[in-house]
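[1] Provided below for reference: sequence and predicted model.
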Amino acid sequence: MRLLPYFAIFSLLVAALTACQSAQENSAQSNVTKATPATSGYPDGARRITPTELRDLLAKNQAVVVDVRNEGSYYAGHIPGAKLIPNTAILSHLQELPRNKLIVTYCS
């Protein structure tokens, strides 16, 4: 009989935590859906664009291309105008990226 109140409290806590987690996941999914087009379906939520879309965005000066590969790969060949910022250094270069343009990264 003494265990019944503890079991009830434990059950309520588990239900509350499950509901909170579900609400957070739904909220995050809702934000991803709003921020990216329906064609994104990738688990990381990052938007993918086609080469044609990139060309159009660059022609309109609405995007910046960041090559996140290493220096050797960059100099072996890269998208014209791409800025080299290796993925290991991206956080220390955030201030260099414009806030009013789409930032397109590529790694291969």
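    On my side now, so go ahead.
[2] so where do the helices sit in this structure?
    For the chain, the helices defined by DSSP state H cover 3-35, 51-59, 71-76.
[3] can you list the weak-confidence ranges in the protein?
    Scanning the chain for pLDDT under 70 picks out the ranges 1-41.
[4] what's the distance between Lys83 and Gly45?
    Distance from Lys83 to Gly45, counting by C-beta to C-beta, to the nearest Å: 23 Å. Quick note: C-beta positions are derived from backbone N, CA and C, even for glycine.
[5] Equivalent analysis for Arg55, please.
    According to C-beta to C-beta, Arg55 and Gly45 sit 24 Å apart.
[6] what does Lys60 give?
    Separation of Lys60 from Gly45 (C-beta to C-beta): 24 Å.
[7] Settle it for me: which of those two has more neighbours?
    Gly45 (14 against 9; other C-beta atoms under 10 Å).
[8] Share the number of residues neighbouring Gln95, please.
    6.
[9] ok, now Ala63?
    There are 19 residues near Ala63, going by other C-beta under 10 Å.
[10] Excluding sequence neighbours, find me the nearest residue to it.
    Leu57 (3.7 Å; C-beta to C-beta, 6 or more residues apart in numbering).
[11] doesn't Leu102 make contact with the one you found?
    Yes: counting by C-beta atoms under 8 Å, Leu57 touches Leu102, with 6.0 Å between them.
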